[in-house]
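Student: Mind folding the following:
(chains A and B)
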Amino acid sequence: MKDTSGAHSEQLETTKHLHQIQTQVVTSGLEQSDYITPRIITACAQLKQMTYARKMFDKITDQNVVSWNAMFNGYAQNEFHRTVVVLFTQMKKLDVMPNCFTFPVVLKSCVKINALREGEELHCLVLKNGFRANIFVGTALIELYSTGKAIEAAYKVFGEMDERNVVVWTLMINGYISCGDIVSARCLFELAPERDVILWNTMVSGYIDVRNMIEARKLFDQMPKKDVISWNTMLSGYANNGDVEECKRLFEEMPERNVFSWNGLIGGYANNGLFFEVLDAFKRMLTEGRVFPNDATIVTVLSACTRLGALDFGKWVHVYAEYNGYKGNVCVGNALIDMYAKCGIIENAVDVFNSMDTKDLITWNTIISGLAMHGRGAGALSLFHEMKNAGEMPDGITFIGILCACTHMGLVEEGLSYFQSMAMNYSIVPQIEHYGCMVDLLARAGRLAEAVDFVKSMPIEADAVIWANLLGSCRVYKNVELAELALERLTELEPKNPTNFVMLSNIYGDLGRWKDVARIKVAMRDTGFKKLPGCSSIEVNEVVMLGCLSRELDRKSIVRAEANMIKLLPQNNHPLTFIVVIFSTFASV
DNA sequence: GGCATTAAGG
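Tutor: I've put the predicted structure just below:
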């Protein structure tokens, strides 16, 4: 908070200075100066004052190419890439000749907005105006074609270049990597006349992308010189390929660590479900105090809190984040909304949502599904309309939240109509998840026969999740015939999952059909797989507890829960620390 | 000018 407002007043100060300079420029008659104007535009851009820059620019009667370039650069710096491309069209209309600085920046903006066609037009202009030999222009063209999946065109530009430096080689190799063609990438890598550390890192990262950790490691070990990015690339490579041990080892081994190293380790734990370790590593980071967390760290830690139900820790991170100026960060805000919603404090989630100045699609999706999950369907639906008024286009995930809201409120007809509007009004093709929501909507409202009809009419084959949910509703509404049908499908789809048998067995049990219960137990034994007790954790009085969703309590779970609690709160002497909460079978469903 | 981390769903 402090930092943000500090930066804000600083900016006001600078803007004031800019106005003073501007006044002087006007009074001294230098307004039309080819030398001064581009410099002022650049200054505005750095202050994120592009509207002001535009005003200045529009006042000039005869803009030269340098001023145009300053405008392109300014818009590009402030991420207004679409504007760059549009502005370039205007420049062409005015017959101003682009120079060698114009093409790279405009081409880069084309890359950013995926405007391959506009980029191709620029390529024609490059050839017409004789900038083909310029290495910066060539570089930008290679980038354009390799990100636009036109790798042959990129290679053509590469092949026709008079001189190629290591940057050009890197981009070309990276182009092959992003097309998934690691073999061609490697061939070029071997042919490159010069290999610096960035090129090596690119190649290592390419192997990691295709999950070839062996080859990545071989190259990593061969590198003549490693920088912190080389270590971080390898480290997060292991983390994302499930090898947490190796990731940890590299982390301890590396000569120098920055925030990416910590985020790699923390993210590695998070991706592999080791959420307690996420919190541990974060604490260690703060204790060591050499490297400060950034927004990515905060987001990952918050999502670990979410998964653990560690509300108090999450609250602490919230305070930490605000105190350190992450308040304006959209990702942090989104992670906070999700954390509060999933940890049961929907009011706090709503507060965070309302306090956010900038919201994105994920912000809306998170709060909508948060409200829906809390049974506040009406709130979810009204935010959906607010979202559209704010100009945010819903996507498939928005509709999952919406359909979930309808399900919780029993609004079957509304749900059906939202489902239809997806494709009709938003051109979103429903995915299996959406069909799943619809089956749920009907089934939970007790309209089981319609739910089954819906499954039969779906253009996609129903998956195990759909049948399992249907089976769940069959228990609620005591519909044995449909339950048997659902189990039949489920055993085809996932014959090894004992949970499904347990569900049907429970249904028989509810109806007192003990012979059938016994039959199912035998069938289940025949699969050879035993159902593990489901576990979840919840934080009570600053203690994260592990709850078992099963009446059977296995010793391993208790030991694991205790170990995790000690790790999480080593200084905690609270008597509740060692209590394991056992929910009865369906207490939390 | 080229290489690394983050948030949402049945």
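
Student: Would you mind naming what in the stretch 401-550 of chain A lies close to DNA strand B?
Tutor: The stretch 401-550 of chain A comes close to DNA strand B at residues A:401, A:404, A:431-433, A:435-437, A:440, A:462-463, A:465-466, A:469, as judged by Cβ under 7 Å from any atom of the strand. (C-beta placed from N, C-alpha, C; glycine too.)

Student: Relative to DNA strand B, which of those is nearest.
Tutor: Distance to DNA strand B across those (Cβ to the nearest atom of the strand) is lowest for A:G436, with 2.4 Å.

Student: tally of neighbours for that closest one?
Tutor: A:G436: 24 surrounding residues under other Cβ atoms under 10 Å.

Student: that older thread, next, format the residues of the stretch 401-550 of chain A next to DNA strand B as JSON lines and append pLDDT and secondary structure.
Tutor: Output for those, formatted as JSON lines (pLDDT from 0 to 100; DSSP: H, G, I helix; E, B strand; the rest coil):
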{"residue": "A:G401", "pLDDT": "95", "secondary structure": "helix"}
{"residue": "A:C404", "pLDDT": "93", "secondary structure": "helix"}
{"residue": "A:Q431", "pLDDT": "92", "secondary structure": "coil"}
{"residue": "A:I432", "pLDDT": "93", "secondary structure": "helix"}
{"residue": "A:E433", "pLDDT": "92", "secondary structure": "helix"}
{"residue": "A:Y435", "pLDDT": "94", "secondary structure": "helix"}
{"residue": "A:G436", "pLDDT": "93", "secondary structure": "helix"}
{"residue": "A:C437", "pLDDT": "93", "secondary structure": "helix"}
{"residue": "A:D440", "pLDDT": "92", "secondary structure": "helix"}
{"residue": "A:A462", "pLDDT": "88", "secondary structure": "coil"}
{"residue": "A:D463", "pLDDT": "87", "secondary structure": "coil"}
{"residue": "A:V465", "pLDDT": "87", "secondary structure": "helix"}
{"residue": "A:I466", "pLDDT": "89", "secondary structure": "helix"}
{"residue": "A:N469", "pLDDT": "86", "secondary structure": "helix"}
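
Student: May I have the distance across stretch A:405-416, first residue to last?
Tutor: 12 Å (Cα to Cα, to the nearest Å).

Student: Can you list the low-confidence ranges for the stretch 451-589 of chain A?
Tutor: For the stretch 451-589 of chain A, applying pLDDT under 70 flags the ranges A:529-589.

Student: just to confirm, which helix or strand has A:A296 in it?
Tutor: Element membership for A:A296, per DSSP states H and E: helix A:295-308.

Student: right, I mislabeled it, should have said A:S230
Tutor: Using DSSP H and E, A:S230 falls in helix A:228-240.

Student: Next, see if that helix gets close to DNA strand B.
Tutor: Yes. Using Cβ under 7 Å from any atom of the strand, helix A:228-240 reaches DNA strand B at A:228-230, A:232-233, A:236.

Student: Can I have the buried ones of those as a ChimeraX selection?
Tutor: This is the ChimeraX syntax for the buried subset of these, where burial follows 16 or more other Cβ atoms under 10 Å:
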select /A:229,230,232,233,236
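
Student: Let me have the residues of helix A:228-240 next to DNA strand B in CSV, adding pLDDT as columns.
Tutor: Output for these, formatted as CSV (pLDDT from 0 to 100):
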residue, pLDDT
A:V228, 96
A:I229, 96
A:S230, 97
A:N232, 97
A:T233, 96
A:S236, 94
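
Student: Thanks a lot, see you next time.
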